[in-house]
Structures are given as C-alpha cells and as structure tokens.
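Trainee: Build me a structure from this.
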Amino acid sequence: MTQEIALAILKTGANIFLTGEPGSGKSHTVNEYVSYLRSHDIEPSITASTGIAATHVGGMTIHSWSGIGIKKLLTAYDIDKITSLEYIVKRIRATHVLIIDEVSMLLPGMLDMVDAVCRAVKKSPKPFGGLQVIFVGDFFQLPPVVRRDTGDLDHTEDLLFEQSKGIFAYESRAWRGANPLVCYLTEQHRQDDDEYLRILSSIRSNSFDDEHLEHFEKRKVERANMPKKVPKLYSHNVDVDRVNHEELIKLQTEKKQFSMEGEGRPALVAALKKGCLSPEDLLLSVGASIMFTKNNPKEGYVNGTLGEVLRFEQSSGLPVVKTKENRYITVSPMEWSIEENGKVRASIRQLPLRLAWAITVHKSQGMSMDEAIMDLSQVFEYGQGYVALSRVRRLSGLYILGWNRRAFEVHPRILEEDVRFKNASEETADAFSGQSPDELQKMHANFIRFCGGTIEKNAKGARGKRRRDKKGDTNSITLELLKSKKNIKEIAEERSLALNTIIDHLEHLKKAKALDDEDLAHLRMFSVDSDFSKIKEAYRALGAEKVKPIFEFFKGKYSYEKLRLARLFIV
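Mentor: Here you go, the predicted structure:
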C-alpha cells in the first residue's frame, strides 16, 4: 500500500494498524495525518511505547498519557484513582484520535489497561472509549521486554480483568476489540541499494540462504582493520559509554561542554531528558565523531547523519560540523517538546548531537545511517540483528565483525502473522478502491465533524506543517514583525513557531548587528522590565555566556525565555 492510500484511509476515522518495513514511511505518513488533523483544529494525542520513541514523535509515553505509569496490573481501585485525576480525565476527554507509536514494544496487558482507562474516562463501552486508535510499528523489530512478576498484588480476584495471553500487542483483547484495518506500506525510502534491500527482505521472509550470506562475508572486517570514524553498534550501554569515553580522551584538542536546558513540569522534563538521544551534558572536542539526533532537512541533516567537529565558532562557541556528504553546518540548539491539546507542556533544548564512535542497537531504532560497524556474534533476541542491519542505507556502508545464526532470524510467530497482515492490507485497499473520491471526501468530512473540527482548513495551516520560509529569510521575517512593534508571543503565534525559536532569531539578529535598542525597547517593557535590574546583576556576576547558571541562581523563578530575552539587552 502507498502512503497516499494509507493517508486517505486514516482520514476516515477508522482504527488503523500502520505497518511496513523499516524506511517504508510510517513516521512520514503519521506526520502528514497529524498535520491534516491540526489544519482542521483537531489535536491528536501522540504517544509511544518507550521514552526514546515518544521523544522522537514529540509526545509522551502511553504509560504517562493514560495515567497507568509503571503498573503491570489494574484493579477497580486503580481505575477509580486514575479517573479521579483531573488532568488525566481532561486529557482523555479532549482526545478524539490516539496514536501509539512503536506498538511492537508494548505488551498486550498494557494495551488492555489503556483500553480500560479510556472506556472509564469516556464512560463508553466502545473500544478505547470510542477514540480513533492508530497503532504504528513493525512486529519484526525488537519485541517487548517480558517480566513475569505481578507486583505487590496479593489477590488476583482484585484484578479488573484477566491478563491477555501472549507477548505481542495484537494478541490483546483491546486490539481485537478495536479490530484495526491494516495499512501495510510497501514503498522504500531508506535503503537506496536494491541488492541490500533484497537481502533484508530475505531475512524478513525467512528465506535467508548462503547466497545472501556471501554478501555479508564480503563485508566482514577484522577488529584491527575497522575503518575509523564509522559508528559501532553495540547491544549494551556500558560498551557504548566505554568506547565513546576512550575515543574522546584520545583527542588532545579544544573541548567544550553544552548543557541541556529544560522548562515545564519536572516529571515531563525528566521524561524528555531520558528519551532524548542527545545527552544532558554533551562534551565535544575538535575531531570528535558525532551523529545528529534530530531531523532538520532544511539545515542539511536528519536523525542519523554522521560527521566530525571541525572547530567551535569564535563568537557563539557553537560547533561547526563537517558531514560525510561534505556539508559544513554550524549546529544550533534545537527543541524537543511534549505537546498536549495544542500546547507545549514541557520542553528541552540541546544541540542535536551525540558522540558517535558507538551507539546501542536500541537507540539506533528509527535512524537512517550511512555507515555502521556491528558485531552480531552475540545476538540473542529475534529481530535484534534485523534491526541493526536495517539501520544502514546500503551494503557498502556495512562493516561486520562477526555473526551467529540468530542474527538473521526473526520470530517464527511474527512470520505467520505477517502473512495475515499483508492479506488484511490488500483487503483494506480493495475495499477502499471501490469508493469514489466524493464518497471518500464525505467520509473525511463526517469524521472531522465527529471530532468537533472545522471543515475549512484554518488560516494558519497545521501547527505541525508550518509555513515554509525561504532559506535565509526566516530571521528577516521575524525582524519585520518586530519592527512593527509586535511582542515575541504575537510573533510566535503569527509564524506558528515556538517562543524559543523566535528568541533564536533575535539572538542571531543581535549578533549580526541587525537589531538596535529601539527595535527591542517594547520587548523589555512587555517581558522583563520589572525584574530587569536583578537579572542584569546576575548576568554581570555569573557571566552571560550560558543561561543555565542564571536559571539555577534564581531557583527557577524566571523562565529560560525570560532570561534569554533579558540577555538581549545586556550583551
């Protein structure tokens, strides 16, 4: 199925399982649907099974969203407690569309609990309380971690329902109740090497043989001959930390540390930090091997782009990176955020970089890597080898130290289920192919009305699909609005950008001497005037290079935005 057909089916409001091979465009299709919903004033709830996946999609874990947290089982008492939490009730009642990413890593019992909470809050017997649920993921990838403990529950009769058997989300009662239509994407947007794609498909279909193995034999390297500045994939964090530390201290060059900034509810900020691939304190050195951790095609990089730190800019201190494609990028901080009902609840800011001499297979999930070194001789889990191999774009970028047989195996039960998913996807496509464009449009409009959205697209367009400014013009547009005496909130709203992004523009303009005191005067009156003298004194005492020490000095009294805005009048 193509992305276009899947998107048309999503718009009907049907429950959907969106799947496909790595690189088939699952995330892109979801992003397009989210933009479509927002353009009709419908705010979906975006969640994921893990913190890393949640950070990638700009949402929260399904555990946090539902209020279930770390519970493994659910009693009637637990339901009563969750439904007494006003913020959880408000969140779920405001939701019409629930997206759960990386569903393959979610245990069936967890999905049953989310279903129960949604029914209770929505006061509806329908699956998930009548929400449109969209399961996104690929069951060939890493399976969920199964823990056999039942917590502190002494009496199993207290359970709200009997636990679903099995280990995969599709084996849950909630999945069967939702009865999702399957949209199995078949296009490929990651691998650009047909031969390598054929090999990966052979692993996926359990037809991997000696002919395919010969290709890997040719890509085998000895440890002594490993290419430099190519990231190594490991199964365990301890190996990654060791390798990155050892390589960094070898560099006798200038080093700089970049600290993460956070704003919002502490628990949400902590969740963002835990899920972010960039570390809280990032130590870089000239010559360091790095990897980008966020998508920013406009600036020339995506999650997984590799490069090397060339130098640090004299004025800003920001690192200048040379990518493998010989692009030179001055890397500025980016923002990761948790949005709920169209509002940012928490955010963190950090350079979208991490050291890349080594990375775990788990953290590489979702990345597209140009090159990687991997040792598959210790693979013990079905799908672990497949996930590692599918991160790489082409066979020529693959370097293998060794392997065992399990490295090329996928779970036998998933093999059987995959046939069913493919057949179900074909049936879905056939069913909708009989619909005329007018009939589909009517179905789309009916679902928008059901969600309380507007049929006409809003004037500003989707929040997630902002107006595309010509490259290089974005600062000028902000300057033009500033000169018309708009404050930063008004500028951010008009441009559908975050406040931090607008302040980035102002800092850039100030550095370029494109701003004068008169341009900024109304911002001081609007945002900082009453506290300016205290903030100014703190900057003079502690230095104006970093905002974090000032934030900590005032013990969080002033937001990062306010402190950054005040700094414009000082430096």
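
Trainee: Leu18: which element?
Mentor: strand 16-20 (DSSP states H and E).

Trainee: Just after that strand, pick out the following helix or strand.
Mentor: helix 26-39.

Trainee: what helices or strands is that following helix leaning on?
Mentor: helix 3-10, strand 16-20, helix 51-57, strand 97-101, strand 132-136 (3 or more Cβ pairs under 8 Å, 6 or more residues apart in numbering; DSSP states H and E). C-beta here means a position set from N, CA and C on the backbone, and glycine is covered the same way.

Trainee: Number of residues surrounding the closest residue to Asp281 other than its chain neighbours?
Mentor: Among residues not flanking Asp281 along the chain, Ser259 sits closest, at 5.4 Å (Cβ to Cβ, 6 or more residues apart in numbering). When counting by other Cβ atoms under 10 Å, one arrives at 14 neighbours for Ser259.

Trainee: for Lys228, same thing?
Mentor: 7.

Trainee: Surely it is within a helix?
Mentor: No - secondary structure of Lys228 (DSSP: H, G, I helix; E, B strand; the rest coil): coil, not part of a helix.

Trainee: Tell me if I'm right that Pro231 and Met369 touch.
Mentor: Yes - judged on Cβ atoms under 8 Å, Pro231 makes contact with Met369 at a distance of 7.0 Å.

Trainee: what residues do the two have in common as contacts?
Mentor: Met291, Leu306 (Cβ atoms under 8 Å, 6 or more residues apart in numbering).

Trainee: neighbour-wise, which of these two wins?
Mentor: Each of Pro231 and Met369 has its neighbours counted (other Cβ under 10 Å); Pro231 has more, 28 against 24.

Trainee: what's Ala372 in contact with, if anything?
Mentor: So Ala372 contacts Val230, Pro231, Lys232, Leu233, Ser364, Ala388, Arg391, Val392, Gly397, Leu398, Tyr399 (Cβ under 8 Å, 6+ apart).

Trainee: Make TSV from those and add distance to Ser207 and pLDDT to it.
Mentor: Below are the contacts of Ala372 laid out as TSV (distance: Cβ to Cβ, whole Å; pLDDT from 0 to 100):
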residue	distance to Ser207	pLDDT
Val230	29	87
Pro231	29	87
Lys232	29	88
Leu233	24	86
Ser364	25	74
Ala388	19	87
Arg391	21	84
Val392	20	88
Gly397	23	90
Leu398	20	92
Tyr399	24	94
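
Trainee: For the residue nearest to Asp281, give me phi and psi.
Mentor: Note on Ser259: its backbone torsions stand at phi -100, psi 140 [degrees, to the nearest 10].

Trainee: Cross-check the contact I'm expecting between it and Lys548.
Mentor: Yes - using Cβ under 8 Å, Ser259 is in contact with Lys548, at 5.3 Å.

Trainee: what bridges to Glu339?
Mentor: On the basis of DSSP bridges, Glu339 is bridged to Val344.

Trainee: so what's it up against?
Mentor: Applying Cβ under 8 Å, 6+ apart, the residues near Glu339 are Ile46, Gly58, Gly59, Arg345.

Trainee: Just give me the least confident of the residues you listed.
Mentor: Within the contacts of Glu339, pLDDT reaches its minimum at Gly58, with 71.

Trainee: wait, that residue sits on Ala48?
Mentor: No - at 9.9 Å, Gly58 and Ala48 do not qualify as touching, with contact defined as Cβ under 8 Å.

Trainee: Can you pick out the residue with more neighbours from these two?
Mentor: Ala48 (28 against 19).

Trainee: what about Lys511, distance to Tyr301?
Mentor: Lys511 sits 22 Å away from Tyr301, going by Cβ to Cβ, to the nearest Å.

Trainee: So which of the two has more stuff around it?
Mentor: Tyr301 (24 against 12).

Trainee: Quick one: neighbours of the residue nearest to the more buried one when sequence neighbours are not counted, just the number.
Mentor: Among residues not flanking Tyr301 along the chain, Phe292 sits closest, at 4.3 Å (Cβ to Cβ, 6+ apart). Counted with other Cβ under 10 Å, residues neighbouring Phe292 total 28.

Trainee: thought Phe292 was touching Leu351?
Mentor: No - between Phe292 and Leu351 there is no contact under Cβ under 8 Å: 9.3 Å.

Trainee: Generate CSV for the contacts of Glu339, with distance to Leu515 as supplementary columns.
Mentor: Below are the contacts of Glu339 laid out as CSV (distance: Cβ to Cβ, whole Å):
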residue, distance to Leu515
Ile46, 36
Gly58, 30
Gly59, 35
Arg345, 31
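
Trainee: which one of the residues you listed is nearest Ala178?
Mentor: Nearest to Ala178 among the contacts of Glu339, counting by Cβ to Cβ, is Ile46 at 17.5 Å.

Trainee: ok, back up a step: can I get the buried part of the contacts of Glu339 as one PyMOL selection?
Mentor: To isolate the buried ones among these in PyMOL, judged by 16 or more other Cβ atoms under 10 Å, type:
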select buried, resi 46+58+59+345
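
Trainee: Determine which two of the contacts of Glu339 are furthest apart.
Mentor: Farthest pair in the contacts of Glu339, by Cβ to Cβ: Ile46 and Arg345, 12.2 Å.

Trainee: which stretches of the stretch 251-400 of the chain form helices?
Mentor: In the stretch 251-400 of the chain, the helices defined using DSSP state H, counting those that start in this stretch lie at 266-275, 361-364, 384-389.

Trainee: most neighbours per residue, which of these?
Mentor: Sort the helices of the stretch 251-400 of the chain by mean neighbour count, taking mean count of other Cβ atoms under 10 Å, and helix 384-389 sits at the top with a mean of 23.

Trainee: which residues are contacting that one?
Mentor: 22, 140-142, 200, 203-204, 233, 235, 361, 364-365, 372, 374, 376, 379, 398, 403, 406-410.

Trainee: Name the residues of stretch 534-551 that come out as buried.
Mentor: Residues Ile535, Lys536, Ala538, Tyr539, Ala544, Val547, Pro549, Ile550, Phe551 are the ones in stretch 534-551 that count as buried (16+ other Cβ under 10 Å).

Trainee: Correct me if wrong: the last one contacts Lys562.
Mentor: No - when contacts are counted by Cβ under 8 Å, Phe551 is not listed as touching Lys562 (9.6 Å).

Trainee: quick one: the closest residue to Gln257 other than its chain neighbours and Pro231, what's the gap?
Mentor: Of all residues not flanking Gln257 in the chain, Leu283 sits nearest, at 5.0 Å (Cβ to Cβ, 6+ apart). According to Cβ to Cβ, Leu283 stands 17 Å off from Pro231.
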